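# how would this look folded up:
(2 chains)
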Amino acid sequence: KAGVTQTPRYLIKTRGQQVTLSCSPISGHRSVSWYQQTPGQGLQFLFEYFSETQRNKGNFPGRFSGRQFSNSRSEMNVSTLELGDSALYLCASIGVNTEAFFGQGTRLTVV
Amino acid sequence: GEDVEQSLFLSVREGDSSVINCTYTDSSSTYLYWYKQEPGAGLQLLTYIFSNMDMKQDQRLTVLLNKKDKHLSLRIADTQTGDSAIYFCAGPQHSNYQLIWGAGTKLIIKP
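Numbering: from 1, shown residues only, chains lettered A, B, ... in the order given. Model (predicted):
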């Protein structure tokens, strides 16, 4: 059974640009959650998608958005990047007992 | 609101047992989880315990749950250098089943 795949693994962008990150969950999982991880703030919940609908949302500005496709793959987008958006972005594929299976993450650096 | 607390660091000698502690506030959590994160990697699900259990053992890992005190612990027997990582505890909050995460405990192994 394939795990959670996140692409790309590493990304360098300049301030003001936008970025799109992709996540393919475990086959059969319909729920995907996104997290931002930084050394100072720890693991912060961004949003969760279930069957193409955003079910929960964390406390992030509107520059952060996401979507989910009919095959459960999910993307998140950050517009007008700021230096503070530099972080590891983690996608989790959610199992039947709400357990989260994580991808390797996308390391975003904003310069 | 719901909260999960962990101490930030734990230092143990190789071969000793490590005990990582976690306290939580949402008493309705059905499952509680332990994750391991190695440098530069995503989070790996180590083990989980259902809330009607007091203890779960899985090879070198023992999870203890004290529901009365809302205290969860992870014991790693015969700690090895490969156990060096950050350990997170997490549980779903009752209101929306989103996982609430502790800040993570960095386990440092002394030779």
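# Where does pLDDT dip in the chain?
Going with chain A. Residues of chain A meeting the criterion pLDDT under 70: A:1.
# hmm, I had chain B in mind actually
Residues of chain B that meet the criterion pLDDT under 70 lie in B:1-2, B:27-29, B:94, B:96-97.
# Look at residue 86 and say how many residues are nearby.
Because you didn't say which chain, this covers chain A. Number of residues near residue A:86 (other C-beta atoms under 10 Å in any protein chain shown) recorded here: 16. C-betas here are computed from N, CA, C, even on glycine.
# oops, chain B please
Neighbour count of residue B:86, defined by other C-beta under 10 Å: 19.
# now the residue in chain A positioned nearest to chain B, which residues is it bridged with?
Going by C-beta to the nearest C-beta, chain B is nearest to residue A:102 of chain A, at 3.8 Å. With DSSP bridges as the criterion, residue A:102 is bridged to residue A:92.
# which ones are touching it?
Neighbouring residues of residue A:102 by C-beta atoms under 8 Å, 6 or more residues apart in numbering or on different chains: A:4, A:90-93, B:35, B:42-45.
# my guess is residue B:16 contacts residue B:79, does it?
Yes - if you go by C-beta atoms under 8 Å, residue B:16 and residue B:79 touch, sitting 5.8 Å apart.
# which residue sits closest to the residue of chain B found nearest chain A, ignoring its sequence neighbours?
Nearest residue of chain B to chain A (C-beta to the nearest C-beta) works out as residue B:42 at 3.8 Å. Counting by C-beta to C-beta, 6 or more residues apart in numbering or on different chains, residue A:102 is the residue found nearest to residue B:42 once chain neighbours are left out, at 3.8 Å.
# Kindly report the residues of chain A close to chain B.
A:4, A:6, A:33, A:42-43, A:45, A:48, A:55-56, A:90, A:92, A:97-105, A:107 (C-beta under 8 Å from any C-beta of the partner chain).
# Just the buried subset of those residues, please.
A:4, A:6, A:33, A:43, A:45, A:48, A:56, A:90, A:92, A:98-105, A:107 (16 or more other C-beta atoms under 10 Å in any protein chain shown).
# Now for the nearest residue to residue A:100 once chain neighbours are set aside: which residues touch it?
Spatially, and ignoring its direct neighbours in sequence, residue A:100 is nearest to residue A:92 (3.7 Å; C-beta to C-beta, 6+ apart). Counting by C-beta under 8 Å, 6+ apart, residue A:92 makes contact with A:4, A:32-35, A:100-103, B:43.
# Chain neighbours aside, what residue packs nearest to the residue nearest the centre of chain A?
Centroid check for chain A by C-alpha atoms, centre = their mean gives residue A:34 as the closest residue, at 3.6 Å. Nearest non-adjacent residue to residue A:34, counting by C-beta to C-beta, 6+ apart: residue A:46, 4.1 Å away.
# Give the burial count for that neighbour, as a bare number.
Burial of residue A:46 is recorded as 21 neighbouring residues (other C-beta under 10 Å).
# Check residue A:29 too.
By other C-beta under 10 Å, 16 other residues sit near residue A:29.
# Could you pull up the residues touching it?
A:72, A:93-95, A:101.
# swap in residue A:88?
A:36-38, A:105-108.
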